[in-house]
Structures are given as structure tokens and as C-alpha cells.
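# Make a model of this:
(chains A, B, C, D, E and F)
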There are 6 protein chains.
Amino acid sequence: MSSHRPVTRLDLHSDHDLSPETATYFAKCEEKLGMVPNVLKSYSFDDKKLRAFTDMYNDLMLAESGLSKLEREMIAVVVSSVNHCYYCLTAHGAAVRALSGNPPLGEQMVMNYRVADLDDRQRAMLDFSVKLTEDPANMGETDRQCLRDAGFSDRDIWDIASVAAFFNMSNRVAAATEMEPNPEYHATAR
Amino acid sequence: MSSHRPVTRLDLHSDHDLSPETATYFAKCEEKLGMVPNVLKSYSFDDKKLRAFTDMYNDLMLAESGLSKLEREMIAVVVSSVNHCYYCLTAHGAAVRALSGNPPLGEQMVMNYRVADLDDRQRAMLDFSVKLTEDPANMGETDRQCLRDAGFSDRDIWDIASVAAFFNMSNRVAAATEMEPNPEYHATAR
Amino acid sequence: MSSHRPVTRLDLHSDHDLSPETATYFAKCEEKLGMVPNVLKSYSFDDKKLRAFTDMYNDLMLAESGLSKLEREMIAVVVSSVNHCYYCLTAHGAAVRALSGNPPLGEQMVMNYRVADLDDRQRAMLDFSVKLTEDPANMGETDRQCLRDAGFSDRDIWDIASVAAFFNMSNRVAAATEMEPNPEYHATAR
Amino acid sequence: MSSHRPVTRLDLHSDHDLSPETATYFAKCEEKLGMVPNVLKSYSFDDKKLRAFTDMYNDLMLAESGLSKLEREMIAVVVSSVNHCYYCLTAHGAAVRALSGNPPLGEQMVMNYRVADLDDRQRAMLDFSVKLTEDPANMGETDRQCLRDAGFSDRDIWDIASVAAFFNMSNRVAAATEMEPNPEYHATAR
Amino acid sequence: MSSHRPVTRLDLHSDHDLSPETATYFAKCEEKLGMVPNVLKSYSFDDKKLRAFTDMYNDLMLAESGLSKLEREMIAVVVSSVNHCYYCLTAHGAAVRALSGNPPLGEQMVMNYRVADLDDRQRAMLDFSVKLTEDPANMGETDRQCLRDAGFSDRDIWDIASVAAFFNMSNRVAAATEMEPNPEYHATAR
Amino acid sequence: MSSHRPVTRLDLHSDHDLSPETATYFAKCEEKLGMVPNVLKSYSFDDKKLRAFTDMYNDLMLAESGLSKLEREMIAVVVSSVNHCYYCLTAHGAAVRALSGNPPLGEQMVMNYRVADLDDRQRAMLDFSVKLTEDPANMGETDRQCLRDAGFSDRDIWDIASVAAFFNMSNRVAAATEMEPNPEYHATAR
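Next up is the predicted model:
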């Protein structure tokens, strides 16, 4: 069923020919991931927007950081759980299952991270991300200090905040356009 | 007083020498704006992050769009009003005052956009942005149709959603780090 | 990992010998379902409470009704999504996948039912269930009339309300005790 | 006036002849309470549903427990105050007044339990019930430990959670059907 | 029990001798009402504050208006129900019972005004008052027009708004100081 | 632009001749403030209401108190920020800028007081005012004790509560009537 659903509910004339640069990038996605994530297809109507998105995404999720890739994916899913974002919960829930080798952990991040067996460091990281998502007006030094007390450096705090903030953006682009996740994610790493 | 407040409350070792590329970029800011916006200084500890941010920001706020630059700034301020973001309200409130030549309009966007004398098109644009900010889980076809009925194309809807979503990100980076706006903004275009 | 987690975080001395009646009931569960659902184990410290729970549950979810079994499970999951109940989302999300033969539908109920391809009748049923969950003080004749307009009888409305209300109870018992779902659910009907 | 209001706003064909079992049960209610509580009348269209409801209700509110009957009624009223449930506030508010011999205590439970002169144990019990009602997703070990610190056993915690959860169900059935309390309650134990 | 509770939890040295003016005023209260409402005692530490309060209160609740005294008391109770204000619900709930001669109506205003048998005019008046209480930032021309459509003049709208606003003040003074209602109210007009 | 906007959106026949008493009062306003604040004009349709308002306002904001006039204005603005009240944010934001000689402080009160460089005493005062605004039902002894610990007397607590409560009233009268601030405020003390 889902395979026939459109990438978004906006008519962005995305069916034009891809630019050579984007075509190459998408071919690389197919090769590495076995698919082109729909979020990239949704941005493909404009090369500059696609590149700005992928540059920021790749830096946040893949660059060197005091946070592991799994931890960054956990933040992505927990923020998306607050915002009930179908696209990001599906895509990044699969990533947590795959990176952790622990399918129930992925489900817990989707459903309610508070039940997961996390150490104090990861719990502090997710508590901060949820508060930043739900109540940004109330963030303060106390919240930063909780992260420092849990062992994070100020540089790590920047990364936690940036990943949580990024998915508050991405969840909203997906919600506003009803972005459809690739159906392949559902069965990944179950 | 404010001039002695740090750019953020995180120690990111941003006091190192800027890369030549960033130094050039900041010099251009000084020349064009009379200052380097603190948000750029806050990202300057990492050239790649700074560039990802500025690429996305400049595309969203300055590229060709069915939305005027003023309209994009209005969205920025209204989203930031929901999130009570001191940095963005200060910087983008100044932009609304300057671009509109109407200082009370800037104040209305900061305080409560519902009192402003807006046409139906701009009101629909801001209503959509506020709902997307407050309740992304409930967005749906009805919300998109309201924008279409107000005269927006699907391409415009992408831009409204993207700008509103971006400031939901930016507000949260500012909140998490307690980013300080440049004091110059307060007196701008009063 | 999950298999070693306790059924609840309360010490209810549930490790005593089961009564013959309960032992027989649990043997029947094993035979029919391949497991004893943990919710039943959690109530097994008191035969009367277990029976009161199962009598109500079985009547609501399995008795004759204008709602199909799948529809009742959809209500269960959607209510549990609002309440972020890990136990019920896991157990009843599996039921939606199994009964529908449509794994993405189960995920949509868990994550955000609004993105699912539902007809007006099922959408009205779930909208009513969510409002009853989030804002019971505001229910009124208008809400009942929406269900009637979507084709439901007053008897059906009783069943929708009763199932939604039951999971508002069950979610809270699970949340208060941190009830652990059987790990078998995670891989069911993917 | 109220005496002419229907038991619920659903047409459930409840005016048929009662089954002999239910007729006997209702006669016993008349004898002991001087009336048949309307909630029982509302379930009387289906004997099995009525019995499932009364079995669970009677076990929770009347069986042996570390909580007194008054304490269970206090939980009922406080949960119903959060949910603004007219039926349960009326019926169980009367019960608190009658069981305590302290009419203002009944009013405080209806209006705002925080002003009542309660000991730490009862306050902890009600604080837990309110959090479980308002924010089940955030319950955790800390909340259970508060109850243990106030002197409750784990078995008592089960009962507190079960009573609070039950009225989250019952409030919603009453809200969805606009269940009308028997007018006799208003003047009881003033 | 309640009779020994202090008028507020603040030590305002209110036990000094009353000024002659206030003593006369309180004697008149005793004569007309059989008591001095505790809210007046709480303000009696400062004659000017007491007089400012009573001048505003008496004008709002007793002066000529398109709203009956009962209607103004209904607004008072409904606003106080949203704010869970024990003092105002007790004192003004009694007033609704007394002025209407309909004790259940008083209870409905306290518990949930939506179940009461109100005409469209009074329902619109209370819906407006509740929205103004819960979400003042979202009030607009649509809300005023609903009142006009229900038969209210603009002058009446001023009075509805002023009474609802006043109790949003009074509820908060009572909440901040834990103001205790006179015990006589509980049994009034049952 | 703003200068042509009506004082409120209600037709209160305020264009009649002012009473001699009010005319004198308004002349004094013109002389001292250079304008008649629109809130006074809005009440001028009824001398008694105007006087009740000004008596209470002048006592709260100008009488002897343990709170400075600036501190009372800070409370006014912070409460109005929660309620997004355009009138009060504009008028009292100007007052904070003028009384403090620190324009950014005024902006911080409007936008998010948590970023301001306040001492513990003023922060406790504003935290109390915000909780009283957002969640009056939950106020209790703990909240009063926080103010005492920060150095406030019980008499000061009365004043904090009274000012915060007053602006919860005033914000709602302004919101319900769409009261327009005098345009002079926008440029004051920038």
C-alpha cells in the first residue's frame, strides 16, 4: 500500500530531470543504502536547498563528535516521538535498531525513552533533548549543568542541542508536507 | 551592560584564530551590516558547521521565493515569539522594523501578531507557522488547503514551512546555549 | 536484553504458586498465543483482580460489536500513542499489524494515526478517541454527532468510548508500574 | 429539574425489561443505598458489561486494601477534578463527605485538594494520582519511591495506581455519554 | 475543622484594630450577610487596598448591567473552576445556588459548566469567559462576534470580559495566599 | 499607521463628553505624561469603572511597597509576556526601559526574562509571578517560602501576588477588547 503514496503532499514539480550533481548523489545513495531516502527526493526540486540540507545533516549526524552515531540517532528518535513525526520515527527508528543491534531499544525510543535501560549519561542527554523540544523558553544554566555533571563537555552540549534542534526543524518540514518514509524502513533490523 | 555578555554560555574555544575563509566572511559582514551577527560567531569554532548554517540560512531568507524578505522575517519573529527566543526576537524583530519601515509592526510580531493589520494572505501564513510550531503532530491537508485558499502555491507552502521549521531549530540552539544578540539590534529602526 | 526485565517494578509477591484457576487460564494462553501476556502475570497476585480485568478486557475487545476487532485494536494503539505507553503500544501495535496484515498501518497507529489512509468512518472514530483521551472535560453532543454522521450507531459510540476509556486506564496501570511487554511482540507480523 | 434529565445522551435501548439477575441487583441497591446509581443503569443494556464493571468497581473500592475506603474515594474525586467529570465529582464527592463526616473535605477534593489539611501520606497518594492522570508518560521510579517514602507498600502502590487509573476510565465513559448523576447526591452529607 | 484555619497563609499583621471606616463596613457585612467574607478580612491590613477592591468588586457584580447578578456569579464560578480556586468556588458557588434556587446548577458551574441546561446566550457567555481565562493570547474579533450573535451588546461584552478578568485576578490573589473561605458557605442553599 | 486604530474594538459610545471629573483627570495625564493612556480612555464610558480601575492601579503600582516601582513594572511585563498582551507589553515595556535606563532590560522582560542578569531576589519574584500566571491551581507554601528565602516579607509577597494578579486581569480586558496602546510608547526610552 504505502509504496504508492507520494513523497510529499505538495506539488513541487519534482518529476523533472535531476541535475547531474543530484543524479550522481542519488546513485551513490542507491549503492550505499539500497534506496534514496524520500527526504532527499523531497528536496530535489532545488539543488541548492538539497545541498544545504545534506551538508547540515551529514555534518550533524556523521562528523566527529563526543556523541556516538547511535546516540545522535537516539536523540533524533526521541525528539520525533515528542512531535509524533511519522517520517523521522520510521527512518531513524530503523537506524537505532540497526546501529544498536537491539530492536527493542529502537521501539523504546519511538514509544517512550523513559522505560529504556540507559546509563545516567544517555538519560541526561535525552532529558535535555526533550525539554529543549517541549519547552525551549525555559532552558537555562541548570539544564546545561546537568549535562556537564553527566560527563558531557561544552562541545558535546553544542552537539546535543544541535541534533535535537535539527530534528525539531526536520519534523516540522515532514509534518507540513506529510513526507512519506520509504517503506523499506519498516522491516529493517527487526 | 549587555555588551559584556558572552556570545553563548558554552565554552567552545571560539577565541582561536579564525580560518582565512571565515575571517573574510566576517569582514564582509562588518562591511555590509556594521557588525558580525553573534549567531555566526557562535558557530565559528567549526568552519563546516558555520558554512552549513549560513548556506541554509541564506538560501531560506534571501533566495528567490514567492514570499518577500519581509514576510520571511515576519515568520521568523512569530515563531520566535511562541518559543520566547530572546536572540531571534531581537535580531529578526529589528529586521521586520527595518524592512517594513513600520516599527509597531515589528513589536506586534514580537508580542502578538494577531493584533496586526494584516491581509488574509499574511494572516494565513502566520497562522500556519504558529500551528506548525506549537502542534506539528496535528498538521494536515486542511492546513495546506488554507494556504492555497489564501493564494499561496505549493512551492510557497514549502517555503513557509521551511522558514518556520528553520526558526524552530535556530530558537532551540539559541535557547540551549543562551545566545546573546548583538546590542546594536535594540535601537535599530525604532 | 529485554527478556530479563521484570514484569513490573512493584514487588507484589507474584512468585507464589498460581491458583489452579489461574494456572489453567495461563496454560490456555500459552497454547493459544504461545505466551502469557505480561499484563496477566502482573495481575496474578490476586485472582479476583485478574478475573475482573480479563472479564472487562475480553468483553470490550472480543465480544460482538459494530466495531471490528481491528478497529478496537486501532483505538487501543492510538490512545496509547497519546499517553506514550510502552506496554500497550508494543502489545497492541503487534495486534494491529497481525489483524490488518499491514505492518505500516501498525506503525502509523503507534506514531501518528493522522498520516494513515483511513476512510472517514475510522478517522472520526480515532479523532473522537484522541479527544476523549486528551480533553475529556470538553466532550459534548457535537462530538457524538460527528460519530453518528460518520455512520456509527449510539451503541457503537458506547463501544468506541469504552475501548478508548479502558486504555486510558490500562495505560496508567502500565505507566505506574512500568509494565514490561513480552519481547515476542517486537518481531510479530513485521 | 435534574430529575428529568436522561441517564446518558446515548440511545442504548436501556428501557427494555431488566434481566432477573440485574433486577435483583438493582433491588439490592435500592434497599442499601435508597437508589440505583445511574452509572449502573447506564450499563444495564448489557448484563455482561454491567457485571464486568461492577466486579472491577467493587473489588477496587471495597475489597481489603492498605488504603481506607475514604482514601480510595479521595483518589476518585481528585482524579475527577482534573478531568472535570460532573458524574464522578457529584457521586464520589458525596461519598467523601459521608465517609469523612467532614463536608468541607469533600469540597476541597472537588475543587483543589492542595488546600486540604492532609498528612504527608495522603498528600503523596493524591500527588501521585494527579501526576498519573495528567502526565502518565512521565511516571517513573522516582514517583514510586515518593509513595514508599510516605509509608506505602508496593501492594498499596498497585491499589493507588489502580483506583486512579479506573477513574480515568470511568470519567471518560461519563464524559463521552454525558452521564447524569442521581440528584440525591447533591444534598447528601452537607 | 475549617473554622480554625487562618484567613490567609501570609502574616500581614491584620490583627490590629480596624480603622473606624472598615469597622463600620464590616458591621454592615455582618448585618446583611451574617458574616464578613474572608476576602475582605484579608485586605483589611490596608484600608486603601480594601476600598479599591470593594469598589471594583461592587461595581462589577452589583451595578446595572445587561448581565443579571446570577449570570455574573456564573462567570465567577466558571473562571474559578478553570483555575481550581477553592476560595472563589466556595463563595461564588454558594451565590449561584442561592440566586438561582437551583443547587445542582451551582455544582455544575463548579464542576463542568458544559453539562448544564443553558440557553445559547449563557453558553456563549461562559465559553467566551473560559477561552479568555485559558488562552487570552488567542482572543479576537471572532470571539466578540459570537457574543454579538448570541444577543449581547458591546457594552455587555465589556461586562463579560471585565467579570471574567476580575476573577482571573481574584483567583490568583487567593491562590498565592491560600485564602480560606468562610465555612458558612458550604451549607448555604443546598 | 497605528495612530488611526481605535482604542478598543468595542463600541462603548465613549465619544460622549467626558464628565468634569474625568476631563480634569485626563488633563492631568496630558500634563504629566504627554498623553492619556488608552486604557484610561477605554474605561471613560463609565466614571465609576474608570475610578475603580485607577484607584486600584495607582495603589498597586505607586503606593509605598517593599518592591520598587521598577520591580512592579517588571512583574507587569513578565506576566504580560506569558499572556502575549500587546497593550501591556507595549506600555509597561516602555516603563521598564524608562525606569531602569536600560533598554535591553525592557526587551528581556518582554521576550524572556530568564536571560536577564537579575539577582536571586528579582528572579524569585518573577518566577513566582510566572507560576501564579500559568498555574495558579498549583501554588502552595513552597512557593511562598521561596520568596521568603529570597528576602521578601509576607507583606512583600502580598504585593508581588497582587501586581501579578492585577495584570492577569488587565491583560484579559485588553485581549477581550483588543485594546490599542498609544503609539508614543514604541519609541520611548530606546
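# Just to check, residue A:148 is in contact with residue A:157?
Yes. Residue A:148 lies in contact with residue A:157 (Cβ atoms under 8 Å); the separation is 7.5 Å. (C-beta placed from N, C-alpha, C; glycine too.)
# Same drill for the two, tell me which one is more crowded.
When neighbours are counted by other Cβ atoms under 10 Å in any protein chain shown, residue A:157 comes out ahead of the other of residue A:148 and residue A:157, with 26 against 13.
# Centre of the chain to the strand or helix carrying that one, how far?
Under the criterion DSSP states H and E, the helix or strand holding residue A:157 is helix A:154-177. Centroid separation for helix A:154-177 versus its chain: 8 Å, with Cα atoms, centre = their mean, to the nearest Å.
# Just the buried residues of stretch A:120-140, please?
Taking 16 or more other Cβ atoms under 10 Å in any protein chain shown as the basis for neighbour counts, the residues of stretch A:120-140 that come out buried are A:122, A:124-133, A:136-137, A:139.
# out of the residues you listed, who's nearest chain D?
Nearest to chain D among the buried residues of stretch A:120-140, counting by Cβ to the nearest Cβ, is residue A:130 at 9.6 Å.
# Mind checking if stretch A:165-173 is in reach of chain C?
No. Contact check for stretch A:165-173 against chain C, using Cβ under 8 Å from any Cβ of the partner chain: none in range, with a minimum separation of 10.5 Å.
# tell me the centre residue of chain A?
Among the residues of chain A, the smallest C-alpha distance to the mean C-alpha position (Cα atoms, centre = their mean) belongs to residue A:76, namely 4.1 Å.
# That residue is in what secondary structure piece?
Under the criterion of DSSP H and E, residue A:76 resides in helix A:69-82.
# Compute the inter-axis angle for that helix and helix C:69-82.
Between the axes of helix A:69-82 and helix C:69-82, defined by axes from the mean of the first three to the mean of the last three Cα atoms, to 10 degrees, the angle is 110 degrees.
# Mind exporting the C-alpha coordinates of helix A:69-82 to CSV?
Presented in CSV, the C-alpha positions along helix A:69-82 are these (Å, rounded to 0.1, in the frame of the first residue of the first chain):
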residue,chain,number,x,y,z
LYS,A,69,26.3,7.9,15.8
LEU,A,70,23.8,5.8,17.8
GLU,A,71,23.4,8.5,20.4
ARG,A,72,22.7,11.1,17.7
GLU,A,73,20.1,8.7,16.2
MET,A,74,18.6,8.2,19.7
ILE,A,75,18.2,12.0,20.1
ALA,A,76,16.6,12.1,16.6
VAL,A,77,14.0,9.5,17.5
VAL,A,78,13.2,10.9,20.9
VAL,A,79,12.6,14.4,19.6
SER,A,80,10.5,12.9,16.8
SER,A,81,8.5,10.9,19.4
VAL,A,82,7.5,14.2,21.2
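# pLDDT of it, averaged?
Per-residue confidence for helix A:69-82 averages out to 98 on the pLDDT scale.
# on contacts alone, who are the packing partners of the helix or strand that comes right after it?
Taking DSSP H and E as the definition, the helix or strand that follows helix A:69-82 towards the C-terminus is helix A:86-100. Contact analysis of helix A:86-100 by 3 or more Cβ pairs under 8 Å, 6 or more residues apart in numbering or on different chains; DSSP states H and E lists helix A:38-43, helix A:69-82, helix A:103-111, helix A:154-177, helix C:103-111 as its packing neighbours.
# Report the angle between helix A:86-100 and helix A:103-111.
Relative orientation of helix A:86-100 versus helix A:103-111 (the same axes, to 10 degrees): 150 degrees.
# so residue A:179, which of the three states?
For residue A:179, the assignment made with DSSP: H, G, I helix; E, B strand; the rest coil gives coil.
# Tell me how far the nearest residue in space to it that is not next to it in sequence lies from chain E.
Nearest in space to residue A:179, with sequence neighbours left out and distances taken as Cβ to Cβ, 6 or more residues apart in numbering or on different chains, is residue A:87 at 4.4 Å. Relative to chain E, residue A:87 is positioned 29 Å away (Cβ to the nearest Cβ, to the nearest Å).
# what about residue A:24, neighbour count?
As a burial measure, residue A:24 scores 11 neighbours (other Cβ under 10 Å).
# And the helix or strand hosting it, what does it pack against?
Using DSSP H and E, the element containing residue A:24 is helix A:20-33. Counting contacts by 3+ Cβ pairs under 8 Å, 6+ apart, helix A:20-33 is packed against helix A:38-43, helix A:47-62.
# quick one: which of these is nearest chain C?
Shortest separation from chain C across these is recorded for helix A:38-43, at 12.9 Å, computed as Cβ to the nearest Cβ.
# give the contact list for the residue nearest to residue A:179.
Each residue near residue A:87 by Cβ atoms under 8 Å, 6 or more residues apart in numbering or on different chains is listed here: A:38, A:39, A:171, A:174, A:179, A:180, A:181.
# Now the helix holding residue A:157: average pLDDT?
For helix A:154-177, the mean pLDDT works out to 98.
# Then stretch A:10-23?
87.
# how about the nearest residue to the residue in chain A positioned nearest to chain E, chain neighbours excluded?
Chain E sits closest to residue A:137 of chain A, with a gap of 13.8 Å, by Cβ to the nearest Cβ. Nearest residue to residue A:137 in three dimensions, chain neighbours excluded: residue B:84, at 3.6 Å (Cβ to Cβ, 6+ apart).
# would you turn the helices and strands packed on helix A:20-33 into CSV with mean pLDDT, distance to chain E and mean neighbour count?
Putting the helices and strands packed on helix A:20-33 into CSV (pLDDT from 0 to 100; distance: least, Cβ to the nearest Cβ, whole Å; neighbours: other Cβ atoms under 10 Å in any protein chain shown) gives the following:
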stretch, mean pLDDT, distance to chain E, mean neighbour count
helix A:38-43, 97, 32, 22
helix A:47-62, 98, 32, 18
